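Peer 1: Make a model of this:
(chains A and B)
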Amino acid sequence: MLSLIVFLPLAAALALVLAPRLGDTAARWSWVAVAGVDLALVVAVWWQYETPAEEQLAFEQRAEWIPGVNSSYHIGVDGLSLPLIAMTAVIFLACAVYALRDTNRPRLQSALFLFLQSVSMGLFVSADLILFFVFFDLSIVAMYFVIAGWGHGDAARSALKFFLYTFLGSLALLVGFIGLYIAADPHTFDMVELSEQTPLAGSSLAGGLVLAAILIGLAVKTPTVPFHTWLPPAHTDAPAVGSAVLAGVLLKMGTYGFVRIAMPMLPDAWRAWAWVVIVVGIVSVIYGALVALAQTDLKRMIAYTSVNHMGYIALAVGAAGLVAGDTAEARSIAVTGAVTQMVSHGLITGALFLLAGVLHDRANSYDMDAYGGLAAPAPRFAALFALGAFASLGLPGFSGFIAEFQIFTGSIAAAPATAIAVVGILITAALFLRSLQRIFTGHTRGKSTGFGDLHPAELWSVGSLLLLSVLIGVFPRPLLDVIEPASEVLIDLVGR
Amino acid sequence: MGAMEMRPLLLLPEIILFLGGLIVLIGGSFLAPDRQWVTRVVAAMALLAAATVAAVSFAGPAEMAMEGTFTVDVTTGVARIVAALGTIIVLALASDEIDGSPRESETYALMLFATTGTLIVAGADDLLVVAVGFLLASIPLYGLIGIARTPQAAEAAMKTYLMGALFGILLLSGVTILYGVTATTSYPDLTDRLADAPARAVGAGVVAVLAGLMFKAGGVPGHFWVPDAAQGAGGAVAAYLTTIPKIGAVIAAYRLVAILPETFAWPLLVGLLALASMTLGNLAAYWQSDPRRLLGWSTVSQVGYLLVPVAVAGRSDLALPSLLLYLTGYTITNMSAFAVTTSLPECRNLNAYRGMGRGRPALGVSLAVSLLGLIGTPPTIIFVGKVTIAAAAWEAGDAWLAIAVFLNTLLSLFYYLRWIAPVYRFGSASEDTDAAERVTWPAKPVSASTAATTAVLTVLLGVGSGVIWQLVT
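Peer 2: Numbering: from 1, shown residues only, chains lettered A, B, ... in the order given. Below you'll find the predicted structure:
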């Protein structure tokens, strides 16, 4: 079942590449259809999902791959990965619908995004480090071609910077993986076995170095300060659907790595370095928010709020490493909040980037000062953007609130000093309100004149992402019921 | 004693190749210029036959031939199959490039001789056999490079010849020194006697022999001829000489260091050679504008990676399998990249590839896959090779070599991307008209389909690397 979810989009991508005579409309709709089927499969998996026993995965599949180095095709899901798989399927479907209006080489674009979907799904179900790395790296390659091939502005340069920077991160990650492999006895790349073994538990120096390599790799991808500089240009020059996938799905690969690899496999080192992660998280939160506040380019602003939002996750997973007698429950809440934030940020920021794409499509500019009074000619656009902005700043009733509330509850209980990061929420609130004011209120002027409102494809794609965010905000239980058992297991593992 | 007999049948693949070369050479002089393709078919059949014989005898136990001077084991088997199939790919590229040209059959004959020499170096279990194989593999190379008859080719051939003479002498003097201190050239005897021999003399001898092998492999310090030859020679020849000779040289280096005693720090020596090759090759490739010269420097860096498992020979179970896996992957991937250059022989500048991804989508993807493959992007075969050589180095306690591999991979990213980027840069070239996108892309058909086939193969082999791993262990 999981293999089908992973490889169905890949098969469809190959079929699209090998069918050069396929019409543009057919190509676009087949992308929508395949993304829809994949989502349906994910829903079916969610329906049948039962929390697996500790140290086990649901829907597990394992086949020999490279037996010489004990690497296998091993996949499965648990409460940490299932929500992300569902989120990935939703975002790719939304992008497929949004892209129905694109005219720039739709067949190849559809193929590339289907490939990217396979890669993303594969990463989140991987239970083998080499398999994980294969998908991790391929996501970079695919995104490079998305930005370079369909971007605008200085796309080639941004794509190159993105590629070089994130490839650097992936190589650091690979060094860390090999370190884990060598330290394990018997040598293995299997994630489940490595979590059981916790290699390097005895040696703080080697454990610290391997963790450092893995943390750098994940921090570049996430990204956290100071490794975030590739993100703004990549987002600014990427096409709207590319930005949505980059922010919604690819950034989660970094944060997912924290909870899937770094914490359970190197618990000693994680505890020792938890404060570093917390500080990096707090700095990302505040720095990301402040820089976002200073932006005039809407897409750059949203990009920097991503740095801010990823900072909350780093903060939460760092706090989860501050093992002390009676805080296990609080730390578990922080981890649950972190995973919820991954899902929530994916939905909300995906929606915001798609909306930013509408600006570029109509008026070819992201400059907030070029617009004004846009609410009059484009009321639906204004309404959805306002919804997205409020969701992003963490207003109750949206998924962002559930996530950030849990993150702060858990983190502050474990380490009261983390309360500083609340400032970040204030600043994001200010910057979103200010941008709403700049773009939508006042007299209709500048590029707002003659601005066409949302088309059905845009409305449906963005609307459904925001609707899901509201649903999670109002009825969080179904999601939390899946995540919470996994967070408790993770807290146990880190506490070993 | 079985090991001390001749048993020439064990050398059947090498014999087939050499006889094939003779037939091509003699037969070619009796054929009209428009019938020279027959020699290509003969050469391909000889190579195919050699590969088949090697594959059939692959599973058998390790055996000695030629009075214990030549080993036929899994390693030799891999070298035979990879070198023979690699040369067949070169023949495919040549069919576009030199079909009907003067000296076509001579080119094929020289290639068959050089491949024979490479295989003798690969299987040699005796220093003198290494020296013989070295000469048999090197002398045809000089001819192959110069056969294009252009000023650059002449210069490259001259340079290669002078370097080859120098390093050949070094190799022979190294053999002499080692013989002088041990009174033997056979590896089994050397294993026993080297430990008692004076360490400095052994060190000097080994350094000299390794230097000779590095000339063949195209690694530091014997690398100077590689970029010139890759640029000056014809495309098919360039693909040949940056790939096939390495197979024999690197395996010979592995066999040599595997018998060395611990009286001198050969792992450090080979490790430093590896580091120097990869770093120098990568840095020198940075601003190259000719794609073949860029690939030439890239192969210098690839030799560096190939030397990593050599440096940890005997200290990690992963060393030999990872070396063979990497060699296989490198051969196919490098051929794929060269096939793209021979399919577009007019594009001798990276900017000339501007927009190729639109004009020739399949060729563009092939180039992207092969270059990303050379970087070691998963799931291509070189990725598995890189991971396993790094794991081997780390397991042997040389974590610094593993880190060096990845830092160098990072270094190499930039220049490979410099080539991929223009392929996917479309639209109007506003800056200058010279680099304007071309409308038509007259690609040579055989090279283009070879590029596509080998590119697909790099991915398939990477995904199926578990099977290859079991074959080479």
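Peer 1: Now do the helix or strand where residue B:275 lies: which elements does it pack against?
Peer 2: Using DSSP states H and E, residue B:275 sits within helix B:266-285. Under the contact definition 3 or more CB pairs under 8 Å, 6 or more residues apart in numbering or on different chains; DSSP states H and E, helix B:266-285 sits against helix B:199-217, helix B:244-258, helix B:291-311, helix B:399-423. Heads up, the C-betas are built off the backbone N, CA and C, glycines and all.
Peer 1: The same query, at a cut-off of 10 Å, please.
Peer 2: Using 3 or more CB pairs under 10 Å, 6 or more residues apart in numbering or on different chains; DSSP states H and E, the elements in contact with helix B:266-285 are helix B:199-217, helix B:225-232, helix B:244-258, helix B:291-311, helix B:381-395, helix B:399-423.
Peer 1: any idea how far that helix is from the chain center?
Peer 2: In this view, helix B:266-285 has its centroid 16 Å away from the chain centroid, taken as CA atoms, centre = their mean, to the nearest Å.
Peer 1: Using CSV, list the CA coordinates for stretch B:69-89.
Peer 2: What follows is stretch B:69-89 as a C-alpha-only set of coordinates in CSV (Å, rounded to 0.1, in the frame of the first residue of the first chain):
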residue,chain,number,x,y,z
THR,B,69,52.1,-14.6,-12.4
PHE,B,70,48.5,-13.9,-13.3
THR,B,71,45.5,-14.2,-11.1
VAL,B,72,42.0,-15.0,-12.4
ASP,B,73,39.6,-14.2,-9.6
VAL,B,74,36.4,-12.1,-9.2
THR,B,75,38.4,-8.9,-9.4
THR,B,76,40.0,-9.9,-12.7
GLY,B,77,36.5,-11.0,-13.9
VAL,B,78,35.0,-7.7,-13.1
ALA,B,79,37.8,-5.9,-14.8
ARG,B,80,37.5,-8.1,-18.0
ILE,B,81,33.7,-7.6,-18.2
VAL,B,82,33.7,-3.9,-17.5
ALA,B,83,36.7,-3.1,-19.8
ALA,B,84,35.3,-5.2,-22.7
LEU,B,85,31.8,-3.7,-22.4
GLY,B,86,33.2,-0.2,-21.9
THR,B,87,35.3,-0.6,-25.1
ILE,B,88,32.1,-1.7,-27.0
ILE,B,89,30.5,1.5,-25.9
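Peer 1: List the buried residues in the longest helix seen in chain B.
Peer 2: If you go by DSSP state H, chain B has its longest helix at helix B:151-182. Within helix B:151-182, the residues scored as buried using 16 or more other CB atoms under 10 Å in any protein chain shown are B:153, B:155-161, B:163-164, B:167-168, B:170-175, B:177-178, B:181-182.
Peer 1: nearest to residue A:260, of the helices and strands packed on helix B:266-285?
Peer 2: Nearest of the helices and strands packed on helix B:266-285 to residue A:260, taken as CB to CB: helix B:381-395 at 19.4 Å.
Peer 1: Only C-alpha atoms, please: export the closest one in PDB.
Peer 2: Taking C-alpha atoms only, helix B:381-395 is exported to PDB below (Å, rounded to 0.1, in the frame of the first residue of the first chain):
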ATOM      1  CA  ILE B 381      25.500   3.800  -9.200                       C
ATOM      2  CA  ILE B 382      28.300   6.200  -8.300                       C
ATOM      3  CA  PHE B 383      26.200   7.300  -5.300                       C
ATOM      4  CA  VAL B 384      26.300   3.700  -3.900                       C
ATOM      5  CA  GLY B 385      30.000   3.600  -4.800                       C
ATOM      6  CA  LYS B 386      30.700   6.900  -2.900                       C
ATOM      7  CA  VAL B 387      28.800   5.800   0.200                       C
ATOM      8  CA  THR B 388      30.600   2.500   0.300                       C
ATOM      9  CA  ILE B 389      34.100   3.800  -0.300                       C
ATOM     10  CA  ALA B 390      33.500   6.500   2.400                       C
ATOM     11  CA  ALA B 391      32.100   3.800   4.700                       C
ATOM     12  CA  ALA B 392      35.200   1.600   4.000                       C
ATOM     13  CA  ALA B 393      37.600   4.500   4.800                       C
ATOM     14  CA  TRP B 394      35.700   5.300   8.000                       C
ATOM     15  CA  GLU B 395      35.600   1.700   9.000                       C
END
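Peer 1: Name every strand pairing with the longest strand belonging to chain A and say which way it goes.
Peer 2: When chain A is parsed with DSSP state E, its longest strand is strand A:58-66. When sheet partners are counted by DSSP bridges, strand A:58-66 sits next to strand A:71-77 (antiparallel).
Peer 1: Can you name the next helix or strand after the strand it pairs with?
Peer 2: According to DSSP H and E, the helix or strand after strand A:71-77 is helix A:82-98.
Peer 1: and the angle for the helix or strand just after that following helix with helix A:82-98?
Peer 2: Once the chain leaves helix A:82-98, the next helix or strand it forms, by DSSP H and E, is helix A:106-125. Angle, helix A:106-125 to helix A:82-98, by axes from the mean of the first three to the mean of the last three CA atoms, to 10 degrees: 170 degrees.
Peer 1: Helix A:106-125 close to chain B?
Peer 2: Yes - using CB under 10 Å from any CB of the partner chain, helix A:106-125 reaches chain B at residue A:108.
Peer 1: where does chain A dip in pLDDT?
Peer 2: Across chain A, nothing is flagged by pLDDT under 70.
Peer 1: Pick out the residue nearest the middle of it.
Peer 2: When CA atoms, centre = their mean is applied to chain A, the residue found nearest the centroid is residue A:252 (2.8 Å).
Peer 1: quick one, phi psi at the residue in the stretch 151-300 of chain B positioned nearest to chain A?
Peer 2: Of all residues in the stretch 151-300 of chain B, residue B:286 sits closest to chain A, at 13.2 Å by CB to the nearest CB. Dihedral angles of residue B:286 (phi, psi; degrees, to the nearest 10) stand at phi -50, psi -50.
Peer 1: and the closest residue to it other than its chain neighbours, how far is that from chain A?
Peer 2: Using CB to CB, 6 or more residues apart in numbering or on different chains and skipping the chain neighbours, the partner closest in space to residue B:286 is residue B:415 (5.3 Å). Distance, residue B:415 to chain A, by CB to the nearest CB, to the nearest Å: 12 Å.
Peer 1: quick one, phi/psi of the residue of the stretch 201-350 of chain B with the smallest separation from chain A?
Peer 2: Nearest residue of the stretch 201-350 of chain B to chain A, counting by CB to the nearest CB: residue B:321, 6.0 Å away. Main-chain torsions, residue B:321, degrees, to the nearest 10: phi -60, psi -40.
Peer 1: I'd say it and residue B:254 touch.
Peer 2: No - using CB atoms under 10 Å as the test, residue B:321 is too far from residue B:254 to be in contact (11.6 Å).
Peer 1: who's in contact with the residue lying closest to residue A:495 once chain neighbours are set aside?
Peer 2: If you skip the residues right next to it in sequence, residue A:495 has residue A:323 as its closest partner in space, 5.1 Å away by CB to CB, 6+ apart. Contact analysis of residue A:323 by CB atoms under 10 Å, 6 or more residues apart in numbering or on different chains lists A:267, A:270, A:271, A:274, A:331, A:414, A:491, A:494, A:495, A:496.
Peer 1: returning to what we had before: and the longest strand of chain A with helix B:381-395, angle?
Peer 2: 90 degrees.
Peer 1: What are the buried residues along strand A:58-66?
Peer 2: By 16+ other CB under 10 Å, the buried positions in strand A:58-66 come out as A:58, A:59, A:60, A:65, A:66.
Peer 1: Give me the distance from stretch A:460-472 to the chain's centre.
Peer 2: On the basis of CA atoms, centre = their mean, stretch A:460-472 sits 16 Å off its chain's mean C-alpha point.
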